[in-house]
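Student: From the sequence below, what's the structure:
(one chain, ligands or ions: 2)
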Amino acid sequence: MGDPRGFLKIGRKPTPKRDKVERVQDYRYIYEPMPEDDVRDQAARCMDCGVPFCNVGCPLGNLIPDWNDLVYRDRWREAIDRLHATNNFPEFTGMLCPAPCEPACVLTINDDPVTIKEIELSIINRAFDEGWVTAKPPPPEKRTGKKVAVVGSGPAGLAAAQQLNWAGHSVTVFEKDDRIGGLLMYGIPDYKIEKWVVERRIALMEEEGIEFRTNAYVGFDPTTEELKRDYDSIILAVGALAGRDIVAPGRELGGIHLAMEYLVQQNRRVAGLPIETRPEISAAGKNVIILGGGDTSADCLGNSHREGAASVKIFTHGPEPPKNPDRLTWPDWPLTLTTYPVHEEGGERGWSVGITGFSGSNGYVEKMHCVRTERTPDGKTKYLPGTNFEIETDLVLLAIGFTGPVRDKFLEDLNLGYNERGAIPANGDDDFATSEPGIFVAGDAKRGASLIVWAIAEGRKAARQADLYLAGESVLSSLSGGTALGET
Ligand SMILES: Cc1cc2nc3c(=O)[nH]c(=O)nc-3n(C[C@H](O)[C@H](O)[C@H](O)COP(=O)(O)OP(=O)(O)OC[C@H]3O[C@@H](n4cnc5c(N)ncnc54)[C@H](O)[C@@H]3O)c2cc1C
Ligand code: SF4
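Tutor: Ligands and ions are numbered 1, 2, ... in the order given. Model prediction:
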């Protein structure tokens, strides 16, 4: 522990953000780097707890007190080694993680938590700047001759691929999109993670010997039979990208879209790539309504403002969650109101709104018909009679969740079934084997829509299990603790 009185002398300092009027004009990263002296001060707040709850709150089991101390002592090189010991991609979590470790931090009992996420990001940024993050291919004598196919290139697939490659297996990642990264590339906006950050990591992994195949929709090209014939083991990291739709009169009108249809097009637009799906969806000049209140909704909001929407309204059918007046901590923190930086940029939030339908003319939506709702004691949503109202709109984005992996030809061919979350069943919470020997599942495909930190943690664990299956023993770390805290 660096400074035993640090937490008494120094308050939590939030990560600086770019001015909201300026940042909404572009798609660059929202936050500014925290000055090094401030990062060191923030690290000094860590109490090096006997039982570090931050470590338990982190699905990766990140060794948080260790690297807080190393940063305080200006030993950044060792800090990145400690960080990489449990997390393959700290730059992804440092930028994107909702940081379930922070509400788990012991300081939250009567103070604000350590700025763990900012310290993580500062460590990895410094490591890249110093040239400490380099490709680490396994030595040739370590190659096992076994071939592994990873299907899906999101954080779960990438983590599994890197681990299995380090174990000496020959790894090919198949991705149906034209670029690698899963939701990191197509879905999450550039202002949350600029795409060169993802590409920088992919380039290192290619140097390490991992083969990436884009535009490779497994089930079609290659076929499921070819994949099973040509590979000794398969990791399913296909995500949970089937968007939940709304059933209401008028849903068929033009101008009502699943959020992901819009977000993928936006990422392509920002990257200067052609928009291949139709119709082309843009929020520019529109009165936008976003249904849903999670990450996906917030990403539609930020993009709509950056495109120059005339107005944006966000509605959820449930009541407004508490703003955390009672300093709720672990494990109640997920029940409090989440406010993202994009909410500071504008838009109107509304709660307890139910949808009864849509209407319009010439095949396009013009109005959303609504009713007030109430939460019943058993947690159901009740529509209140006589409270109907309508709102004018010309673009409605449905960000109301995901129903599990897309049930495409590949999954139908594999015939592994689906669990109550619509996801691919595995042998247990901490067991990634499916009912078919040699086939493992990780990330959103196993959990249902979740978080990047969980995807990385599960990719690592599934890789270890696949390594045990292929080699009988595993050199891969079993580190990755964590609880189910912090899912959205
Ligand atoms: C809009 C949005 C914003 C989010 N923001 C955040 C955030 O800020 N922080 C956070 O922690 N989490 C966030 N999440 C959740 C997070 O992105 C996911 O939990 C995470 O990406 C899951 O990783 P994954 O590897 O399991 O799947 P994914 O990232 O979904 O990747 C799956 C990949 O598999 C590919 N694939 C599927 N089937 C096949 C096939 N048959 N052949 C070849 N390829 C295939 C898909 O094309 C896709 O690229 C967000 C989610 C969404 C939708
Ligand atoms: S719980 Fe908070 S104060 Fe304790 S070791 Fe973790 S980060 Fe430091």
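
Student: Ligand 1 contacts on the chain?
Tutor: 96-97, 151-157, 174-177, 182-183, 187-188, 192, 216-219, 237-239, 241, 263, 295-296, 299, 408, 410, 443-445, 450-453, 455 (CB under 6 Å from any ligand atom). No exception for glycine: its C-beta is placed from N, CA and C like everyone else's.

Student: Got a quick ChimeraX command for the buried subset of those residues?
Tutor: Command for ChimeraX that selects the buried part of these, burial taken from 16 or more other CB atoms under 10 Å:
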select :96,97,151,152,153,154,155,156,157,174,175,176,177,182,183,187,188,192,216,218,219,237,238,239,241,263,295,296,299,408,410,443,444,445,450,451,452,453,455
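
Student: Arg268: what's it in contact with?
Tutor: Counting by CB atoms under 8 Å, 6 or more residues apart in numbering, Arg268 makes contact with 186, 274-276.

Student: quick one, phi/psi of it?
Tutor: For Arg268, the backbone dihedrals are phi -70, psi -40 (criterion: degrees, to the nearest 10).

Student: could you measure it against Pro65, distance?
Tutor: Using CB to CB, to the nearest Å, one gets 42 Å for the distance from Arg268 to Pro65.

Student: show me where the stretch 351-488 of the chain has helices.
Tutor: 409-414, 444-447, 452-471 (DSSP state H, counting those that start in this stretch).

Student: So which of these is nearest Val24?
Tutor: Among those, the nearest to Val24 by CB to CB is helix 452-471 (24.2 Å).

Student: and that closest one, which residues are buried?
Tutor: Result for helix 452-471 [16+ other CB under 10 Å]: buried residues 452-467, 469-470.

Student: Against which helices or strands is it packed?
Tutor: Using 3 or more CB pairs under 8 Å, 6 or more residues apart in numbering; DSSP states H and E, the elements in contact with helix 452-471 are helix 90-96, helix 155-166, strand 233-236, strand 439-441, helix 444-447.

Student: Swap in 10 Å and give it another go.
Tutor: Under the contact criterion of 3 or more CB pairs under 10 Å, 6 or more residues apart in numbering; DSSP states H and E, helix 452-471 touches helix 90-96, strand 147-151, helix 155-166, strand 233-236, strand 439-441, helix 444-447.

Student: angle of that helix against helix 155-166?
Tutor: If you take axes from the mean of the first three to the mean of the last three CA atoms, to 10 degrees, helix 452-471 sits at 40 degrees to helix 155-166.

Student: Distance from the chain centre to helix 452-471, please.
Tutor: Offset of helix 452-471 from its chain centre (CA atoms, centre = their mean, to the nearest Å): 17 Å.

Student: That one versus strand 147-151: what angle between them?
Tutor: 150 degrees.

Student: How about the residue of the stretch 201-350 of the chain found nearest ligand 1, nearest residue that isn't a chain neighbour?
Tutor: Residue of the stretch 201-350 of the chain nearest ligand 1, by CB to the nearest ligand atom: Gly239 (2.4 Å). Nearest residue to Gly239, sequence neighbours excluded (CB to CB, 6 or more residues apart in numbering): Asp444, at 4.6 Å.

Student: so what's the closest residue to Leu416 other than its chain neighbours up against?
Tutor: Once flanking residues are discounted, Leu416 sits nearest to Thr434: 5.0 Å by CB to CB, 6+ apart. Applying CB atoms under 10 Å, 6 or more residues apart in numbering, we find Thr434 in contact with 234, 236, 414, 416-417, 424-427, 440-441, 446.
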